[in-house]
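*Asks:* Have a look; sequence and predicted model below, questions after that.
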Amino acid sequence: MKTLILMRHAKSDWGDPRLPDSARPLNARGRRAATALGVWLRAQNLRPDQILCSSSVRTQETCARLKLDTAPELQDALYLAEADEMLTVLRRATGSLVLMLGHNPGIAEFARLLLASPPNHDRFDDYPTGATLIAQFDITDWSALHPGTGTVLQFLTPHDLP
């Protein structure tokens with residue numbers, strides 16, 4: 001079995017229009033949300049052995065605030081990636097419990113692509129900032145991953161956390 005934590009970066013800061021999109025950091029709400037998501041992941045004992053993270057500042061900052069023990073592998077290919085590119089990256093993964101951090105709209109499309117059936121959550125389709133899907137796949141190697149085969153274990157947004 002393989003497990004994926006598919007997370008959209010937390011809320012980013014639009015305050016400096018001179019910054020290129022890839023350089024935007026998290027805003028205060030995003031920093032709080034990323035920290036809370038990390039607390040939740042650790043409480044659920046969801047500790048990834050591989051982290052695939054978009055190279056943008058906001059995804060890296062989200063990842064850092066999760067305070068997980070695994071160092072992220074920065075992936076330029078995940079910056080604003082579409083679902084098919086995300087699938088290609090995940091099929092090269094080697095971990096058993098993989099965290100992938102990315103961006104919309106690709107991450108929402110990717111989540112829909114992966115699952116046999118969607119979770120019963122009113123925010124799944126728009127996948128807001130900080131949205132996190134935990135999905136399990138009956139495979140022994142990520143290279144064998146096929147769309148529509150994932151089982152939802154959990155889906156939540158930062159607003160669902162205490």
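*Replies:* Happy to help now that I have it.
*Asks:* check contacts around the residue lying closest to Pro118 once chain neighbours are set aside.
*Replies:* For Pro118, ignoring the flanking residues on the chain, the nearest one in space by CB to CB, 6 or more residues apart in numbering is Phe124 at 5.4 Å. Glycine gets a C-beta too; all of them are placed from N, C-alpha and C. When contacts are counted by CB atoms under 8 Å, 6 or more residues apart in numbering, Phe124 touches Ala111, Pro118, Ala131, Leu133, Phe155.
*Asks:* the helices in the protein, which residues?
*Replies:* Residue ranges of the helices in the chain, as given by DSSP state H, are 28-43, 57-66, 83-91, 106-114.
*Asks:* do you know which of these lies nearest Gln75?
*Replies:* Nearest to Gln75 among the helices of the chain is helix 83-91; the distance by CB to CB comes to 5.9 Å.
*Asks:* buried ones in the closest one?
*Replies:* For helix 83-91, the neighbour count (16 or more other CB atoms under 10 Å) marks Ala83, Glu85, Met86, Leu87, Val89, Leu90 as buried.
*Asks:* Same question for stretch 147-161.
*Replies:* So, applying 16+ other CB under 10 Å, buried residues of stretch 147-161: Gly150, Val152, Phe155, Leu156, Thr157, Pro158.
*Asks:* nearest to Arg18, of those residues?
*Replies:* Pro158 (27.8 Å).
*Asks:* returning to what we had before: nearest to Val98, out of the buried residues of helix 83-91: which one, please.
*Replies:* Nearest member of the buried residues of helix 83-91 to Val98, counting by CB to CB, is Leu90, at 7.0 Å.
*Asks:* Surely the closest one and Val98 touch.
*Replies:* Yes. Using CB atoms under 8 Å, Leu90 makes contact with Val98 at a distance of 7.0 Å.
*Asks:* follow-up on the earlier one: want to throw the helices of the chain into JSON lines with mean pLDDT and distance to Met1?
*Replies:* Below are the helices of the chain laid out as JSON lines (pLDDT from 0 to 100; distance: least, CB to CB, whole Å):
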{"stretch": "helix 28-43", "mean pLDDT": "98", "distance to Met1": "18"}
{"stretch": "helix 57-66", "mean pLDDT": "98", "distance to Met1": "22"}
{"stretch": "helix 83-91", "mean pLDDT": "98", "distance to Met1": "15"}
{"stretch": "helix 106-114", "mean pLDDT": "98", "distance to Met1": "15"}
